[in-house]
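Visitor: dropping the sequence and predicted coords here.
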Amino acid sequence: MEVKIAVKRMTGAVFEETKIISFTFVKDAYIPYTSVTARIYAEEEDYMSVAEIFLYVGDYLVHHGLVDTLEVTETNGVKIATLASRGFTSLLCQNQIEPGMITGISINDLMDSYYDLPYVTHEDNSDQSGYIYVKSNSSMWDGVVNLSYKLNKIYPYIRGTNCVRITAESDPSVFSYDESQLTESGLAYNFKRMISNFNMADISGEYGSYTLEDTVVTNRKIVRHKVFELDRQFLSDPQEALNYRDKYANRGHFRYFCRYSGYSGEDLCDMVSFGYAQNKRISRIEIIGDSTGVDTELSVYYDGFYSGGTL
């Protein structure tokens, strides 16, 4: 399977590198951007003005992002470029808006009314029934997360290269793999982020009114307490502040995964069937390649947001 990296200069000119030594691509339901790391034999002479990175796997454009880091070394006349890139939606994590309560806001309003972020798109959704409370020093992505949870009780995710979505894809692609097509399948747990107890202050600053104990966590003998001030993002339903934190702490704590050779164009929120995971939403995609070929790992999360693999 052909893999190529296209590099766009600040001038708009584009050149391609096809001699890929190794690369890793990651797309996760809880990470607001795609990411690529790669080492390539650099045939282009001038790497001084690079601005954008594209990754193509076969016929699929899977990544379009900023250049985070780039290093070019030369040994005995052979140049090797090592790069790292994050999708343009990473800019949502690096831009802030004025703090305070914003009512009657939709995802269209939030994404279109503040900054012109290059190549960042979003689903067309004008539902203004939600509100957000912007904390000091919080990012635009924090606002997207808060609004998504208010309106739909889901965590937002990236579809395509840089499209923000706050609802499940209504027309997902469907993929199915039997045992003969897989190189590996399994399950994995991650308990390191789990919180056992939450305690939030009320409007007068008193603690004890809003508490939550996650017995799934305490039954595993994990004891981790979080105490915090009243979260004004959830003034209409304070207990939901604890429910959200519990779900987020448990994100991706259990998953089924499979690996196969190649890449078939899967995206987050598409449907997949393999082994014990049948007709479930894809929650993570990792593509790894080197001179021997390309392998794809697909994961289905079972947690507070992806209960049984469904949003």
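Guide: Noted; the coordinates are in hand.

Visitor: which stretches in the chain count as helices?
Guide: With DSSP state H as the criterion, the chain has helices at 107-112, 140-152, 215-218, 239-249.

Visitor: buried residues, the shortest one. List them.
Guide: By neighbour count on 16 or more other C-beta atoms under 10 Å, the buried set for helix 215-218 is Val217. For every residue, glycine as well, the C-beta is placed using N, CA and C.

Visitor: tell me the mean pLDDT over it?
Guide: The predicted model gives helix 215-218 an average pLDDT of 96.

Visitor: do the same with the first one
Guide: The predicted model assigns helix 107-112 a mean pLDDT of 95.

Visitor: give the contact list for the nearest residue to Thr73 once chain neighbours are set aside.
Guide: Nearest non-adjacent residue to Thr73, counting by C-beta to C-beta, 6 or more residues apart in numbering: Ile80, 5.4 Å away. With contacts defined as C-beta atoms under 8 Å, 6 or more residues apart in numbering, Ile80 is in contact with Ile21, Arg39, Ile40, Tyr41, Ala42, Val72, Thr73, Glu74.

Visitor: Leu147 now?
Guide: With contacts defined as C-beta under 8 Å, 6+ apart, Leu147 is in contact with Ile105, Ser106, Ile107, Leu110, Gly130, Ile132, Ile166.

Visitor: the strands in the stretch 151-300 of the chain, which residues?
Guide: If DSSP state E, counting those that start in this stretch is used as the criterion, the strands of the stretch 151-300 of the chain fall at 157-159, 163-165, 174-176, 184-189, 197-200, 210-213, 225-228, 254-261, 271-274, 277-281, 284-290, 293-301.

Visitor: and the longest strand for the chain?
Guide: Longest strand in the chain, counting residues (DSSP state E): strand 60-75.

Visitor: pull up the pairing partners for that one, direction included.
Guide: Each strand that pairs with strand 60-75, with its direction, by DSSP bridges: strand 50-57 (antiparallel), strand 78-87 (antiparallel).

Visitor: buried residues in the last one?
Guide: Going back to what we said before, that points to strand 78-87. Buried-residue list, strand 78-87, by 16+ other C-beta under 10 Å: Ala81, Thr82, Leu83, Ala84, Ser85, Arg86, Gly87.

Visitor: what's the pLDDT at the first one?
Guide: As summarised for this prediction, Ala81 has a pLDDT of 96.

Visitor: hmm, back to that, out of the contacts of Leu147, who's the most crowded?
Guide: With neighbours defined as other C-beta atoms under 10 Å, the most crowded of those is Ile107; it has 26 neighbours.

Visitor: since that was my last question, I'll sign off now.
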